[in-house]
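Colleague: When you get a sec, could you give me coordinates for this:
(chains A and B)
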There are 2 protein chains.
Amino acid sequence: MDDRPNPQDDALATDETPELISSGKVVGTAVYNRKAELLGSIYGLMLNKLNGRVAYAVMSFGGFLGIGDAYYPLPWKLLVYDTRLNGYVVDLDAGQLEAAPRYTDEPDWAACGRGIDLYYGSLGFSV
Amino acid sequence: MDDRPNPQDDALATDETPELISSGKVVGTAVYNRKAELLGSIYGLMLNKLNGRVAYAVMSFGGFLGIGDAYYPLPWKLLVYDTRLNGYVVDLDAGQLEAAPRYTDEPDWAACGRGIDLYYGSLGFSV
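Modeller: All right, here's what the predicted structure looks like:
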């Protein structure tokens, strides 16, 4: 038996509290749909410089349900953490993802910004 | 002469716009005081899970001006980017840093949270 403290426990304790989470812990976290099917993972976060908000969480989708490999900038509020899955769940079906703003290479954030909020707002999410 | 596009230019384009910046670009960025003296660098960002705001930018200070090696959680608004320095400038003098909330090992965020806003608010920053 080895009951020495796991060094990872300390790292986790500094990475997250009930209210706070480190950016480093969010990036790389798996993303699932409501059927618990793996869609991809968090590739990065885009921050609004002025107000310090997470403008978008960028998810990389590995090509699934006939949808190609791409990066999807999503409003932060769409990400709901599921402790059983150890990942985020987004309530988006294949059709909604298919139609969502995405980029495959370099994002055009200036053009993208309004479109992202408009799109997810039109799906009924408060963004 | 080599006028081929620099691959870094593309990376930068996706990392930052006038309004947005990626979390990955913020982390590791140098931090200076008003005298352009290097204090340390951004170690990580702590996000508020509920409202999606950057709660604190954690700066690691390498031991300077007689102040020991430590991590300083700072309100996002204190970070002002200086294009000449290629880093953030914080308007804090040695005495203010000396008295600032910090941790040397594992942060106690629950206890820390109110103290950080209180402290920087008391210095006249809007937090």
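
Colleague: residues in contact with the longest strand anywhere in chain A?
Modeller: Secondary structure assigned by DSSP state E gives strand A:38-48 as the longest strand of chain A. Contact partners of strand A:38-48, identified using C-beta atoms under 8 Å, 6 or more residues apart in numbering or on different chains, comprise A:23, A:26-33, A:53-62, A:64, A:71, A:73, A:79, A:87-88, A:90, A:97, A:109, B:19-24, B:26, B:45, B:47, B:54. All C-beta atoms are positioned from the backbone trio N, CA, C, and that covers glycine.

Colleague: Mark which of these are buried, thanks.
Modeller: Those of the contacts of strand A:38-48 that meet the buried threshold are A:23, A:26-27, A:29-33, A:53-59, A:61, A:71, A:73, A:79, A:87-88, A:90, A:97, A:109, B:20-24, B:26, B:45, B:47, B:54, by 16 or more other C-beta atoms under 10 Å in any protein chain shown.

Colleague: Cross the residues you listed against helices and list the overlap.
Modeller: Per DSSP state H, helices hold the following members of these: A:Ser23, A:Val26, A:Leu97, A:Trp109, B:Ser23, B:Gly24, B:Val26.

Colleague: In those, find the pair that's most separated.
Modeller: Farthest pair in these (C-beta to C-beta) is A:Leu97 and B:Val26. Separation: 28.3 Å.

Colleague: isn't A:Leu92 right up against A:Leu78?
Modeller: Yes: shown here, A:Leu92 and A:Leu78 form a contact pair, counting by C-beta atoms under 8 Å, at 7.4 Å.

Colleague: Now the common contact residues for these two.
Modeller: When C-beta under 8 Å, 6+ apart defines a contact, no residue borders A:Leu92 and A:Leu78 alike.

Colleague: Which stretches in chain A count as strands?
Modeller: A:20-22, A:30-32, A:38-48, A:54-61, A:70-74, A:80-82, A:87-89.

Colleague: any chance of those in JSON lines, plus mean pLDDT?
Modeller: Output for the strands of chain A, formatted as JSON lines (pLDDT from 0 to 100):
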{"stretch": "strand A:20-22", "mean pLDDT": "88"}
{"stretch": "strand A:30-32", "mean pLDDT": "94"}
{"stretch": "strand A:38-48", "mean pLDDT": "90"}
{"stretch": "strand A:54-61", "mean pLDDT": "88"}
{"stretch": "strand A:70-74", "mean pLDDT": "87"}
{"stretch": "strand A:80-82", "mean pLDDT": "91"}
{"stretch": "strand A:87-89", "mean pLDDT": "95"}
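
Colleague: who wins for proximity to B:Arg102 among the ones you listed?
Modeller: Using C-beta to C-beta, these put strand A:20-22 closest to B:Arg102, at 16.4 Å.

Colleague: Name the residues linked to A:Met59 by a beta bridge.
Modeller: A:Ile42, A:Tyr72 (DSSP bridges).

Colleague: which residues does it contact?
Modeller: A:Met59 neighbours (C-beta under 8 Å, 6+ apart): A:Val31, A:Leu39, A:Gly40, A:Ser41, A:Ile42, A:Tyr43, A:Tyr71, A:Tyr72, A:Leu74, A:Val90.

Colleague: wait, doesn't A:Gly115 sit right on A:Ala99?
Modeller: No: in terms of C-beta under 8 Å, A:Gly115 does not count as a neighbour of A:Ala99; the distance is 11.2 Å.

Colleague: Make sure A:Tyr72 is actually in contact with A:Phe61.
Modeller: Yes: the pair A:Tyr72 and A:Phe61 passes the contact test of C-beta under 8 Å, sitting 6.0 Å apart.

Colleague: Need the residues touching each of those two.
Modeller: Joint contacts of A:Tyr72 and A:Phe61 (C-beta under 8 Å, 6+ apart) are A:Leu97, A:Arg102.

Colleague: A:Pro75: neighbour count?
Modeller: 19 (other C-beta atoms under 10 Å in any protein chain shown).
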